[in-house]
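S.K.: below: sequence and its predicted model.
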Amino acid sequence: MQIADRTVASFHYTLTGEDGQVIDSSRERGEPLAYLHGAGNIVPGLEKAMAGRSQGDAFKVTVEPQEGYGERHEEMIQVVPKSAFQGAPDPKPGMQFQGQGPQGPVMVVVTAVEGDQVTIDGNHPLAGKTLNFDIEVTEVREANEEELTHGHVHGAGGEHE
């Protein structure tokens with residue numbers, strides 16, 4: 001069976017950056033990632049490269065930022081007062097918080113703290129980066145009705161509800 005819309009694909013991956021450093025790997029967790037093809041559950045460039053593949057296929061794919069996590073947007077970097085962090089009186093670089101943006105909730109990372117001013121970045125950590133995937137497809141199957149209705153995979157390697 002080939003990966004196509006309405007199928008569930010499971011795969012092991014190793015993601016490296018432009019410098020060759022490993023960013024993430026399913027092999028370290030010991031369980032392949034499972035996703036519903038065509039539902040936008042993985043970055044678009046990788047989903048396009050997965051189409052038509054079958055169990056046992058192994059390949060490498062490079063995903064440019066516009067087909068990955070998007071370009072970085074400087075307007076998503078802001079300086080806010082420490083008082084904006086209710087319940088977290090001492091924000092430090094690297095801490096993550098959920099904020100409220102114009103389109104709803106957004107995750108932000110503290111990148112700097114200077115006095116009473118805190119710099120936050122709402123960009124995805126991989127925004128603006130070229131992603132290099134080393135893929136091994138471990139399984140392809142038809143999605144069940146519940147997965148199609150919910151728009152994601154249930155069980156091993158997918159969502160747990």
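M.R.: On my side now, so go ahead.

S.K.: going forward, measure contacts and count neighbours with C-alpha atoms only.
M.R.: OK.

S.K.: now stretch 77-94: average pLDDT?
M.R.: For stretch 77-94, mean pLDDT is 86.

S.K.: typo on my end, stretch 99-116
M.R.: Mean predicted confidence for stretch 99-116 is 86.

S.K.: what residue ranges in this protein are flagged as low confidence?
M.R.: 89, 155-161 (pLDDT under 70).

S.K.: where do the helices sit along it?
M.R.: 26-29, 44-50, 145-150 (DSSP state H).

S.K.: need these in a markdown table with distance to residue 79, can you?
M.R.: What follows is those, written out as a markdown table (distance: least, CA to CA, whole Å):
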| stretch | distance to residue 79 |
| --- | --- |
| helix 26-29 | 35 |
| helix 44-50 | 31 |
| helix 145-150 | 38 |
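
S.K.: single out the most deeply packed of these.
M.R.: helix 44-50 (a mean of 18; mean count of other CA atoms under 10 Å).

S.K.: picking that back up, closest one to residue 127 among the helices of the chain?
M.R.: The closest of those to residue 127 is helix 44-50. By CA to CA, the value is 13.5 Å.

S.K.: name the residues that touch the closest one?
M.R.: 3, 37-38, 40, 61, 63-64, 67-68 (CA atoms under 8 Å, 6 or more residues apart in numbering).

S.K.: just the C-alpha atoms of that helix, please, in PDB.
M.R.: C-alpha atoms of helix 44-50 as PDB (Å, rounded to 0.1, in the frame of the first residue of the first chain):
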ATOM      1  CA  PRO A  44       4.000  20.300   4.200                       C
ATOM      2  CA  GLY A  45       7.300  19.600   2.600                       C
ATOM      3  CA  LEU A  46       7.700  16.300   4.400                       C
ATOM      4  CA  GLU A  47       4.100  15.300   3.700                       C
ATOM      5  CA  LYS A  48       4.600  15.900   0.000                       C
ATOM      6  CA  ALA A  49       7.800  13.800   0.000                       C
ATOM      7  CA  MET A  50       5.900  11.000   1.800                       C
END
